[in-house]
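In: Provided below are the primary sequence and the corresponding predicted coordinates.
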Amino acid sequence: MTRRALISLILKVSGNVNADMGIGTRIPLKKIITLNQEVKPFVSARCIRRCIREKLYEKGLSIDPLQLIGGPGREQLGDIGDPVTYVDDDLFGYLRPEEIPLKRSSPIKISHLISLRHAEIKVEFAARFQRDFLQTYKESYPAPFEIELAEWLGKLNVIISDKVGRFTSDEITDEIKKKLGDENSLPENERINRLKAFLEILLWEGWEFPRGAQSPNVPEFYYGVIALTKRFAPIFGYVDINEEGKLNNNLINNLREIYSPLFDGLYIINYKESLFSSYIKTQDNRIEQRENQKLDSDNIANIINSICTYIIKGK
């Protein structure tokens, strides 16, 4: 059976970090309007993957530089599609539009980061003025524009499968098959290194959004829920905040009551209070429960290693 890590993070976002298409002189936020007319800003999954790619590159991993594809006059950037050389082609998949398309479905699925509640959108007025404090400058009229800003708590959902570093025959070329050998799989230590690098960014280091209207902007980590399971479970609907802006423990308790038989491990992380709880299934199907443990760098590293061991080694 496929082993998965289901991860739901509650993060705080401020400013305008992933702008939508401009409307006149206004730079709007990406946002959705719900059935009851609530406005919920969001950051696209594509934007978050880009941020994580940049962090993976900073860690020294190779990232697909893309290539020009298409006929004369129709060239556009597209994936190279080499998951052995490029870690993002492995983790996030790719599509090479050939006569018979070569594609890999992503073993790591990432959702949009969407606000949990209605958010008030504020507009900041700005303008580009002539730099008359210089000795020589261009005389001109100011160029005004507006930027939409908001501060909100959002939820990011991630599904990681055990297909990291493993490939099927129809998603790799014959050249790559020769590199991989008969099993069409990377060595176990390389699979672990790639997943570990991704999890360190996702659960520990964070990332910088590509744009920040006020300053360089990174998400603030509030809460995290991680379930390790061989059977799919809809945990994401049980991760929410209460009216005080704290993790809704009533929903978490309901999650445990209904779905704990499906979990081989469950972690509840409170980043702001530096606490975490763990519920691990033993070999004799008992639940080893440890609540309100101190969260520090060693324990975060242990959680990441536990996820890698479960996903890659099957333990």
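Out: Yep, it's here.
In: residue farthest from the centroid of this structure?
Out: Outermost residue of the chain with respect to the C-alpha centroid, by C-alpha atoms, centre = their mean, is residue 135; its distance is 47.2 Å.
In: Could you find the closest non-adjacent residue to residue 304?
Out: Nearest non-adjacent residue to residue 304, counting by C-beta to C-beta, 6 or more residues apart in numbering: residue 199, 4.6 Å away. From N, CA and C alone the C-beta is placed, and that goes for glycine too.
In: burial measure for the one you found, as a count.
Out: Counted with other C-beta atoms under 10 Å, the neighbours of residue 199 add up to 25.
In: what about it, distance to residue 141?
Out: 51 Å (C-beta to C-beta, to the nearest Å).
In: Can you tell me the element the residue farthest from the centre of the chain falls in?
Out: Using DSSP states H and E, residue 135 is not contained in any helix or strand.
In: Double-check that residue 80 belongs to a strand.
Out: No. According to DSSP: H, G, I helix; E, B strand; the rest coil, residue 80 belongs to no strand; its state is coil.
In: Return the residues in contact with it.
Out: 64-67, 86, 89, 94, 96 (C-beta atoms under 8 Å, 6 or more residues apart in numbering).
In: Does the residue nearest to residue 304 belong to a helix, a strand or coil?
Out: helix.
In: Does it touch residue 307 like I think?
Out: Yes. The pair residue 199 / residue 307 is scored as a contact, 6.0 Å apart, by C-beta atoms under 8 Å.
In: Check the offset of the longest strand anywhere in the chain from the chain's centre.
Out: In the chain, with assignment by DSSP state E, the single longest strand is strand 143-161. Centroid separation for strand 143-161 versus its chain: 13 Å, with C-alpha atoms, centre = their mean, to the nearest Å.
In: Look up how far residue 92 lies from residue 46.
Out: 10 Å.
In: Which of the two has more residues huddled nearby?
Out: residue 92 (24 against 12).
In: Spit out the contact partners of the more buried one.
Out: Contacts of residue 92 (C-beta under 8 Å, 6+ apart): 49, 53, 106, 108.
In: Leaving out chain neighbours, which residue sits closest to residue 146?
Out: Among residues not flanking residue 146 along the chain, residue 26 sits closest, at 4.4 Å (C-beta to C-beta, 6+ apart).
In: Would you check how far apart the one you found and residue 14 are?
Out: For residue 26, the distance to residue 14 equals 19 Å [C-beta to C-beta].
In: Against residue 247, how distant is residue 224?
Out: Between residue 224 and residue 247 the computed distance is 9 Å (C-beta to C-beta).
In: Overlap in contacts, the two.
Out: Common neighbours of residue 224 and residue 247, using C-beta under 8 Å, 6+ apart, are 10, 268.
In: Can you list the low-confidence ranges for the stretch 151-300 of the chain?
Out: For the stretch 151-300 of the chain, the stretches with pLDDT under 70 are 211-216.
In: Across the sheet, point out what pairs with residue 278.
Out: Bridge pairing for residue 278 (DSSP bridges) gives the partners residue 267, residue 290.
In: burial count for it?
Out: Residue 278: 20 neighbours (other C-beta under 10 Å).
In: Which residues are in contact with it?
Out: By C-beta under 8 Å, 6+ apart, the contact set of residue 278 is 265-268, 288-290, 293, 303.
In: what would those look like in CSV with neighbour count?
Out: CSV is the format used below for the contacts of residue 278 (neighbours: other C-beta atoms under 10 Å):
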residue, neighbour count
265, 19
266, 26
267, 21
268, 22
288, 10
289, 11
290, 10
293, 12
303, 21
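In: Show me which of those residues is closest to residue 175.
Out: Distance ranking of the contacts of residue 278 against residue 175, using C-beta to C-beta, places residue 303 first at 37.4 Å.
In: looking at it, the closest one is touching residue 228, isn't it?
Out: No. In this structure, residue 303 is not within contact of residue 228 by C-beta under 8 Å, at 10.4 Å.
In: ok now stretch 119-129, how far from the chain's centre?
Out: The gap between where stretch 119-129 is centred and where its chain is centred comes out at 28 Å by C-alpha atoms, centre = their mean.
In: what residues does that stretch touch?
Out: With C-beta under 8 Å, 6+ apart as the test, stretch 119-129 has contacts from 26, 29, 31, 39-41, 142-152, 213.
In: neighbours of the residue nearest to residue 291 when sequence neighbours are not counted, just the number please.
Out: The shortest distance from residue 291 to any non-neighbouring residue, by C-beta to C-beta, 6+ apart, is to residue 277 (4.3 Å). Using other C-beta under 10 Å, residue 277 has 16 neighbouring residues.
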